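**Student:** Generate a structure from the sequence data that follows.
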Amino acid sequence: MSITASALLGILICLIVAPTLQAAVPETTGVTGARIIQADKEPGNWLSHGRTYDEQRYSPLQQIHADNASELGLAWFFDTAHHRGLEATPIVVDGVMYLSGLWSRVYALDARNGKQLWLYDPQVPRETTARKACCDAVNRGVAIWEDKVFIGTLDGRLVALDSQSGQVEWSVQTVDPEQAYTITGAPRVVKGKVLIGNGGAEYGVRGYLSAYDAHTGELAWRFYTVPGNPEDGFENEAMRMAAETWTGEWWTLGGGGTVWDSMAYDPELDLLYVGVGNGSPWNRHLRSPDGGDNLFLASIVALRPDTGEYVWHYQVVPAETWDYTATQHMILADLEIEGEVRKVLMQAPKSGFFMVIDRTDGELISAEPFVEVNWASHYDLATGRPVENPGMDYRDGKALVKPTSGGAHNWQPMAFNPETGLVYIPAMDAPMNFEGAPEMRIEPGLRNRGIIDEGAPPGDAMFHNILRDKIAFGYLLAWDPVRQQEAWRIPQSVLWNGGVLTTAGNLVMQGTGDREFGVYRADTGEQLWSFTAQNGIIAPPVTYTVDGEQYITVLAGWGGAYGLMSGFKPPPGAAQSRMLTFKLNGQAQLPPLPPTPEPEAPPPRLTSDAERLDRGADLYHKYCAFCHGVLAVSGSGIIDLRHLPSQFHDNFDLIVRQGAMARLGMPAFGDVLNEQDVKDIHAYVIDRAHTDRAIEAESAWVAALRRQYYRVLSWLIATFLGASSSSA
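**Tutor:** Residues are numbered from 1 along each chain as shown. I've put the predicted structure just below:
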């Protein structure tokens with residue numbers, strides 16, 4: 001296998017083991033709570049994850065507005081060292097941009113031109129973390145406080161870096177490294193405390209949120225989101241209360257409830273709002289066999305940021321059983337509802353109902369579906385609970401449920417524009433078939449969801465793509481939270497799209513999975529401008545000013561949960577994952593896409609035994625599809641197994657079972673797969689390669705046949721209608 005000079009350079013960059021100082025960092029003023037609270041006084045900066053503590057992702061900047069957005073152009077771009085998912089929200093402080101990338105690397109850039117100032121690589125041990133990360137080795141951003149930059153690493157550390165040099169100030173391990181915890185979410189800093197959660201519910205962990213002193217790294221407090229073993233005692237009265245809503249021995253399965261993404265803070269009420277994730281396992285009948293709401297799963301919990309003291313909670317989905325997390329983006333706002341100004345918290349969670357909650361006490365104000373939903377008919381406002389439809393909990397068999405476990409809205413942030421009064425949601429509309437497993441046995445290193453995985457979907461990749469496109473839809477949705485109704489929507493060709501930004505210039509901005517970055521009128525949805533990004537976009541944009549000029553920035557890098565496993569084949573020649581920055585009359589140009597090399601012909605099929613191929617397909621979809629894609633169709637920068645060079649086929653067992661490429665992020669599976677298992681997986685992969693090559697070779701003939709079929713069908717219909725008209 002030949003290695004090009006550019007590929008070799010990329011490998012060398014990946015092996016950098018220390019922060020690299022590349023240029024002098026401009027002096028910046030330390031970020032404090034007062035600055036974040038008064039962020040509108042310096043709208044040219046983006047000081048916190050959602051710009052402000054209320055997480056509205058609304059910018060008062062309007063140098064770029066609806067009347068001149070068509071004049072936008074690329075100002076500069078910055079390439080990372082990878083070709084996979086980028087999900088971060090950049091932070092911009094006084095002309096310096098801080099962002100995170102794959103494997104929790106942190107970059108500091110000059111926000112004027114994208115020049116790298118320093119790079120920090122936490123050297124995440126890929127050989128162990130890759131199997132713990134459910135949804136790609138991504139990271140959603142850093143936090144800034146005074147002179148420090150904070151990053152949560154995939155292997156569970158919280159690291160404080162000097163903002164001028166990128167040197168480590170302190171580092172703490174926030175999770176038990178022996179368990180399947182990860183961190184992909186962005187930290188927040190409130191009142192001098194760095195807040196960080198974790199992920200891993202599918203793998204059987206117990207969730208919690210931790211607060212660390214920003215100066216020293218000492219643990220200030222920890223709030224567990226689900227109770228542990230009652231025999232060990234409860235950490236506080238909130239856990240004692242929560243334990244009354246669980247049954248069986250839930251703690252042996254972990255419980256779940258990880259705080260893996262969303263937080264917001266109200267400085268006036270001094271309340272920190274935390275979104276809590278799904279149960280472990282998903283299946284509530286295995287997790288808590290005698291029923292119960294299972295607090296605080298799928299809940300929004302209000303805490304005191306100084307102490308972690310519980311104040312109130314609202315459970316979005318009691319006894320959740322579909323992976324319907326409440327970790328989706330939360331927005332705080334004051335809305336006039338029925339003649340009264342209410343302090344509300346808004347969320348569009350996975351469950352598909354847009355929630356408006358009183359943030360002072362957790363009372364449900366309203367809840368209406370923003371996509372098609374069938375798991376529940378409505379929410380009873382008297383009780384604040386959803387009314388579930390019969391049969392949707394898959395206790396007695398299969399259930400086709402909407403939304404899918406991926407949700408009607410996932411982690412990609414939405415935005416609220418106080419001038420239009422609309423919330424802009426990266427919405428998803430798709431079903432999923434659930435079937436409960438009869439029993440539960442924890443399998444280390446695997447997703448333990450308590451459902452039956454059906455293995456390979458029927459048919460070939462072409463059939464899979466056609467079917468998916470008929471039942472799965474993505475769109476940018478403008479939602480009126482007061483009237484609880486749609487204002488407008490923009491259909492998109494891919495289900496999995498980017499987060500959203502809105503501005504005082506009557507603009508909404510979003511990137512899409514099919515490589516476009518678009519700017520729209522916030523009031524009507526009219527498209528004003530677009531840019532071909534050469535890579536799928538799932539991250540949210542930000543905007544800022546330097547030297548009086550407004551810029552818009554977004555990370556382009558296809559990946560994440562859907563990007564890895566969907567079987568959605570991106571267009572050929574995807575660019576490196578990169579930062580894109582735009583301004584009015586920008587003149588920069590992206591380099592042309594590299595040519596797509598012709599893949600090697602696959603080796604001869606290892607077997608034609610249907611039973612072995614079926615077994616290989618089931619094993620592949622159990623152990624491999626989450627990274628390499630459904631039907632072995634890679635959707636990201638991870639190698640497409642159908643197009644492996646011969647050296648990989650020759651060493652397939654060495655790579656899969658023995659971990660020959662573990663340090664590059666391909667973990668060893670020798671603890672769960674034997675030699676015959678790997679042979680069957682290999683046989684399936686080779687069979688898929690041959691099948692798809694045959695389909696591609698016949699595609700022109702099939703297309704011609706399809707056109708002829710529709711011509712004949714149209715003629716028959718026209719003839720029939722003509723005859724019917726004559727007889728009438």
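**Student:** alpha carbons only for contacts and neighbour counts from here, please
**Tutor:** Will do.
**Student:** which residues touch residue 238?
**Tutor:** residue 310 (Cα atoms under 8 Å, 6 or more residues apart in numbering).
**Student:** got any ranges where the stretch 401-550 of the chain has weak pLDDT?
**Tutor:** Residue ranges of the stretch 401-550 of the chain with pLDDT under 70: 444-445, 454-469.
**Student:** now the strands for it?
**Tutor:** Using DSSP state E, counting those that start in this stretch, the strands found in the stretch 401-550 of the chain span residues 415-417, 422-429, 432-434, 473-480, 485-492, 500-503, 507-511, 516-521, 527-532, 542-546, 549-556.
**Student:** And what about residue 108, helix, strand or coil?
**Tutor:** Residue 108 falls in the strand class when you classify it by DSSP: H, G, I helix; E, B strand; the rest coil.
**Student:** which residues touch the closest residue to it other than its chain neighbours?
**Tutor:** Leaving aside its sequence neighbours, residue 108 sits nearest to residue 98 (Cα to Cα, 6 or more residues apart in numbering; 4.6 Å). By Cα under 8 Å, 6+ apart, residue 98 lies in contact with 90, 91, 92, 106, 107, 108, 109, 142.
**Student:** Shouldn't residue 98 be within a strand?
**Tutor:** Yes: assessed with three-state DSSP, residue 98 lies in a strand.
**Student:** Can you give me the pLDDT of it?
**Tutor:** If you check residue 98, the pLDDT there is 98.
**Student:** Report the beta-bridge partners for it.
**Tutor:** residue 91, residue 108 (DSSP bridges).
**Student:** ok so, going back, looking at the contacts of residue 98, state which has the most neighbours.
**Tutor:** residue 90 (31 neighbours; other Cα atoms under 10 Å).
**Student:** Let me see the contact set for the nearest residue to that residue once chain neighbours are set aside.
**Tutor:** Leaving aside its sequence neighbours, residue 90 sits nearest to residue 99 (Cα to Cα, 6+ apart; 4.7 Å). Residue 99 sits next to 88, 89, 90, 91, 106, 107, 108, 141, 142 when contact means Cα under 8 Å, 6+ apart.
**Student:** The first one and residue 474, how far apart?
**Tutor:** The gap separating residue 88 from residue 474 is 21 Å, by Cα to Cα, to the nearest Å.
**Student:** Among those two, which residue is more densely surrounded?
**Tutor:** More crowded of residue 88 and residue 474, by other Cα under 10 Å: residue 88, with 29 against 23.
**Student:** For that one, grab phi and psi.
**Tutor:** phi -80, psi 150 (degrees, to the nearest 10).
**Student:** got a pLDDT number for it?
**Tutor:** Reported pLDDT for residue 88: 98.
**Student:** Quick check: it touching residue 151?
**Tutor:** No: in this structure, residue 88 is not within contact of residue 151 by Cα atoms under 8 Å, at 11.2 Å.
**Student:** quick one: residue 625 from residue 275, how far?
**Tutor:** For residue 625 relative to residue 275 (Cα to Cα), the value is 28 Å.
**Student:** before we move on, the earlier item: find residues that contact each of residue 88 and residue 151.
**Tutor:** 100, 141, 142.
**Student:** domains in this protein, as residue ranges please.
**Tutor:** The domain map for the chain lists 22-127+141-163+415-431+472-590, 610-693, with the assignment taken from automatic domain parsing.
**Student:** Determine the three-state secondary structure at residue 35.
**Tutor:** helix.
**Student:** Any regions of this protein where pLDDT drops low?
**Tutor:** Checking the chain against pLDDT under 70 turns up 1-29, 444-445, 454-469, 569-574, 696-728.
**Student:** which residue is nearest the middle of it?
**Tutor:** Nearest to the mean C-alpha position of the chain, by Cα atoms, centre = their mean, lies residue 411 at 4.6 Å.
**Student:** what residues are up against that residue?
**Tutor:** By Cα under 8 Å, 6+ apart, the neighbours of residue 411 are 261, 327, 328, 329.
**Student:** So the third one sits against residue 352, correct?
**Tutor:** No: no contact is recorded between residue 328 and residue 352 when judged using Cα under 8 Å, the distance being 11.2 Å.
**Student:** list the residues that contact both of these two?
**Tutor:** Joint contacts of residue 328 and residue 352 (Cα under 8 Å, 6+ apart) are residue 409.
**Student:** ok, residue 596 - how many residues close by?
**Tutor:** Applying other Cα under 10 Å, I find that residue 596 has 9 neighbouring residues.
**Student:** so it sits in a helix?
**Tutor:** No: with three-state DSSP as the criterion, residue 596 is assigned coil and is not in a helix.
**Student:** mind checking how far it is from residue 104?
**Tutor:** 28 Å.
**Student:** cool, and residue 402?
**Tutor:** 33 Å.
**Student:** okay, those two: which has more neighbours?
**Tutor:** residue 104 (26 against 23).
**Student:** just checking, the more buried one touches residue 155?
**Tutor:** No: the pair residue 104 / residue 155 is not scored as a contact, 9.1 Å apart, by Cα under 8 Å.
**Student:** between the two, what contacts are shared?
**Tutor:** Common neighbours of residue 104 and residue 155, counting by Cα under 8 Å, 6+ apart, are residue 124.
**Student:** returning to that earlier point: want to try JSON lines for the domains of the chain, with distance to residue 383 as columns?
**Tutor:** JSON lines is the format used below for the domains of the chain (distance: least, Cα to Cα, whole Å):
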{"stretch": "domain 22-127+141-163+415-431+472-590", "distance to residue 383": "19"}
{"stretch": "domain 610-693", "distance to residue 383": "38"}
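**Student:** Point out the most buried one among these.
**Tutor:** domain 22-127+141-163+415-431+472-590 (a mean of 22; mean count of other Cα atoms under 10 Å).
**Student:** For that one, what is the distance to the chain centroid?
**Tutor:** Going by Cα atoms, centre = their mean, to the nearest Å, the spacing between the C-alpha centre of domain 22-127+141-163+415-431+472-590 and its chain's C-alpha centre is 14 Å.
**Student:** got a list of contacts for stretch 621-629?
**Tutor:** 134-136, 446, 453, 455-456, 561, 564-568, 630-632, 634-635, 638-641.
**Student:** Can you give the distance from that stretch to the centre of its chain?
**Tutor:** Relative to its parent chain, stretch 621-629 has a centroid offset of 17 Å by Cα atoms, centre = their mean.
**Student:** List just the nearest of the contacts of residue 99 to residue 691.
**Tutor:** Comparing the contacts of residue 99 against residue 691 with Cα to Cα places residue 88 closest, at 37.5 Å.
**Student:** Grab the nearest non-local neighbour of that closest one.
**Tutor:** Closest to residue 88 by Cα to Cα, 6+ apart is residue 140, at 3.8 Å.
**Student:** does that neighbour really touch residue 100, like I thought?
**Tutor:** Yes: between residue 140 and residue 100 there is a contact under Cα under 8 Å: 7.0 Å.
**Student:** Which neighbours do those two have in common?
**Tutor:** Common neighbours of residue 140 and residue 100, counting by Cα under 8 Å, 6+ apart, are residue 88.
**Student:** Put the alpha carbons of stretch 395-403 into PDB.
**Tutor:** C-alpha atoms of stretch 395-403 as PDB (Å, rounded to 0.1, in the frame of the first residue of the first chain):
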ATOM      1  CA  ARG A 395     -43.100  -5.100  26.100                       C
ATOM      2  CA  ASP A 396     -45.100  -7.800  24.300                       C
ATOM      3  CA  GLY A 397     -43.500  -7.600  20.900                       C
ATOM      4  CA  LYS A 398     -42.200  -5.200  18.200                       C
ATOM      5  CA  ALA A 399     -43.300  -1.600  18.000                       C
ATOM      6  CA  LEU A 400     -42.600   0.800  15.200                       C
ATOM      7  CA  VAL A 401     -42.000   4.000  17.200                       C
ATOM      8  CA  LYS A 402     -41.700   7.700  16.100                       C
ATOM      9  CA  PRO A 403     -39.400   9.400  16.700                       C
END
